[in-house]
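Peer 1: Sequence first, then the predicted structure:
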Amino acid sequence: MVRVELKGVLKEWEDFRLSIERLKVKDSEFLTLLGPSGCGKTTTLRMIAGFEKPERGEILFDGRPVNDLPPYERGIGIVFQDYALFPHMTVFKNIAFGLEMKGLPRAEIERRVRWALELVGLEGLENRYPEQLSGGQQQRVALARALVVEPDVLLLDEPLSNLDAKIRERLRGEIKRIQRELGITTVYVTHDQEEAMAVSDRIAVMNVGHVEQVGKPLELYYRPKTEFVARFLGLSNILELKAENGRACLGGLCFDVGREGKVRIFFRPESVYVRPGDAVEVLDYELLPGRIRLKLEIEGSVILAERFLDELPFGVEEMPERVDVEVRSFSVLEAE
C-alpha cells in the first residue's frame with residue numbers, strides 16, 4: 001500500500017476557501033476526515049481521487065506527485081455516498097466492471113469477483129440486480145467493486161449515511177475488519193462522530209475549509225486543542241478561569257494548569273466524579289440507558305457530570321440537592 005500526503009493544497013470558490021497546509025495518511029492507515037456539512041471534507045477526498053484539482057499545492061502518493069494523473073491512473077478504489085451501482089447490471093457484473101475495463105482474462109475476473117463476494121459476505125447473490133438488494137447489501141456491492149481492482153488507496157465518501165442506525169453500526173465494523181485484513185490505506189469521510197471514533201486509526205477534524213486537529217480518537221476526545229474540536233466530539237464542559245500561581249479555581253474546584261492569566265479549562269462529563277457533600281448544587285438530572293447525566297452549578301457556572309448508575313454513591317430515587325465533585329481528567333484549550 002502507499003502513503004498519501006497533501007502539501008500546501010488550496011481550492012477556492014467564490015464563497016469558500018479550502019486550505020490544507022499538510023495532511024499525511026500513513027501506509028495501511030485508516031484516516032477519517034470528520035466535520036460538519038460544508039467544511040471541505042468531500043472536496044478533499046475528491047482531490048485525492050483526482051476528480052477535483054487544487055489551485056496550488058501537491059498531492060503525493062508515496063512521495064510521487066499525482067496532481068496531473070487522472071483518477072484511473074492513481075490506483076484508487078472509491079465508494080460514493082449513493083453507491084452509484086449500475087441498475088441494469090447484476091451484482092456480479094457491477095463488481096466485475098472495473099476488471100473488464102482493464103481487459104483482464106475472464107478466468108481472472110471470475111476469481112477476483114468470487115473473492116470479493118466472499119470478502120463482503122454476498123456469496124449467492126451474484127445474479128441479483130441492485131433493486132433486489134437491501135441498502136446494506138448495495139453498500140457491500142459498492143465496497144466489493146472498489147476492492148476487487150486491488151487499489152493502493154481506498155476512498156469512502158459517507159458510505160453509511162443512507163442506512164438505518166443498526167445496519168450502519170454493523171457495517172462500519174465490517175469495513176474496519178476488511179481494511180485491517182487487507183492492510184489497505186484508507187481515507188473515510190463522515191460527519192458522524194461516533195462512526196469516526198469506532199473505525200479510525202486517526203481522525204482529521206475539519207472546520208470551514210481547514211484541518212483543526214489530527215490525532216487518535218481518544219487523544220482528540222480527551223485532549224482537544226480547540227473549542228471546536230472539544231464541542232464537535234461529544235458533550236463538553238468549558239470553563240473560562242483566571243490562573244494564579246499555576247492554578248485556576250472555581251470555588252473549591254481547582255486545576256493545576258502551570259501558567260498564569262486567563263485559561264479555558266476543558267473536561268468531559270464522564271471525567272466528573274460526584275460524592276455526597278454540599279459544595280455543588282444539583283440543578284437537574286437525566287436518566288439515560290445505564291447511566292445518569294447531572295446538571296450541576298458551581299458559583300454561577302453550570303457543568304455536566306455523567307456516571308454509570310452502578311457508580312453512583314447514592315440511589316437515583318434519593319438524589320441529593322447538593323454534592324461534592326472532582327474532575328480527574330482535563331486539558332487547557334488553545335487560544336483561538
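Peer 2: That came through fine. Numbering: from 1, shown residues only.
Peer 1: Tell me the buried residues in stretch 58-72?
Peer 2: Buried residues in stretch 58-72, counting neighbours by 16 or more other C-beta atoms under 10 Å, are found at I59, L60, F61, V66. (C-beta placed from N, C-alpha, C; glycine too.)
Peer 1: What about the residues you listed, which are in strands?
Peer 2: Judged by DSSP state E, the subset of the buried residues of stretch 58-72 located in strands is I59, L60, F61.
Peer 1: How about residues contacting the lowest-mean-pLDDT helix or strand in the chain?
Peer 2: Confidence across the helices and strands of the chain bottoms out at helix 165-182, with a mean of 89, counting by mean pLDDT, DSSP states H and E. With C-beta atoms under 8 Å, 6 or more residues apart in numbering as the contact definition, helix 165-182 has outside contacts at 30, 119-121, 134-136, 139-140, 143, 147, 154, 156, 159-160, 163, 186, 188, 195, 198-199.
Peer 1: picking up where we left off before, any chance of the buried residues of stretch 58-72 in JSON lines with distance to V113 and pLDDT as columns?
Peer 2: Below are these laid out as JSON lines (distance: C-beta to C-beta, whole Å; pLDDT from 0 to 100):
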{"residue": "I59", "distance to V113": "30", "pLDDT": "97"}
{"residue": "L60", "distance to V113": "32", "pLDDT": "97"}
{"residue": "F61", "distance to V113": "26", "pLDDT": "97"}
{"residue": "V66", "distance to V113": "28", "pLDDT": "96"}
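Peer 1: which one of those sits closest to D284?
Peer 2: Nearest to D284 among those: I59, at 50.1 Å, using C-beta to C-beta.
Peer 1: Might you list the low-confidence residue ranges for the stretch 1-150 of the chain?
Peer 2: For the stretch 1-150 of the chain, no stretch has pLDDT under 70.
Peer 1: ranges for the helices of it?
Peer 2: 41-49, 91-101, 106-119, 135-147 (DSSP state H, counting those that start in this stretch).
Peer 1: contacting residues around the last one?
Peer 2: In other words, helix 135-147. With contact meaning C-beta under 8 Å, 6+ apart, helix 135-147 is reached by 77-80, 83-85, 91, 94-95, 97-98, 113, 116-117, 119-122, 125, 130, 133, 154, 156, 159-160, 162-164, 167, 170-171, 174-175, 178, 182, 184.
Peer 1: same deal with the shortest one?
Peer 2: Among residues not part of helix 41-49, those counted as contacts by C-beta under 8 Å, 6+ apart are 4, 6, 9, 11, 18, 20, 23, 33-35, 52-54, 59, 71, 74, 76, 78, 153, 155, 157-158, 187, 189, 191, 206.
Peer 1: try it again with 7 Å
Peer 2: If you take C-beta atoms under 7 Å, 6 or more residues apart in numbering as the criterion, helix 41-49 is touched by 4, 9, 11, 18, 20, 33, 35, 52, 54, 59, 71, 76, 78, 155, 157, 187, 189, 206.
Peer 1: can you check the second one too?
Peer 2: Contact with helix 91-101 is made by 85-86, 109, 112-113, 116, 122, 125-128, 141, 144-145, 148-149, as judged by C-beta under 7 Å, 6+ apart.
Peer 1: for the third one, same thing?
Peer 2: Residues lying outside helix 106-119 but in contact with it, judged by C-beta under 7 Å, 6+ apart, are F92, I95, A96, L99, E100, E123, E126, A144, L147, V148, I178.
Peer 1: how about those, which pair is most distant?
Peer 2: Greatest spacing in those, by C-beta to C-beta: E100 and I178 (22.7 Å).
Peer 1: okay, now the domains of this protein?
Peer 2: Split into domains by automatic domain parsing, the chain comes to 4-232, 237-332.
Peer 1: most neighbours per residue, which of the ones you listed?
Peer 2: Mean neighbour counts were taken over the domains of the chain using mean count of other C-beta atoms under 10 Å, and the top value, a mean of 18, falls to domain 4-232.
Peer 1: so what's F228 up against?
Peer 2: Listed by C-beta under 7 Å, 6+ apart, the contact set of F228 reads N207, E212.
Peer 1: A helix includes it, no?
Peer 2: Yes. According to DSSP: H, G, I helix; E, B strand; the rest coil, the state of F228 is that of a helix.
Peer 1: How far away from the center of its chain is stretch 137-147?
Peer 2: Taking C-alpha atoms, centre = their mean, to the nearest Å, the mean C-alpha location of stretch 137-147 is offset from the chain mean by 20 Å.
Peer 1: roughly how far apart are the most centrally placed residue in the chain and G35?
Peer 2: Using C-alpha atoms, centre = their mean, the residue of the chain that lies closest to the mean C-alpha position is A196, 2.4 Å off. Using C-beta to C-beta, to the nearest Å, one gets 10 Å for the distance from A196 to G35.
Peer 1: Same check on L283?
Peer 2: When L283 is compared with G35 (using C-beta to C-beta), they lie 32 Å apart.
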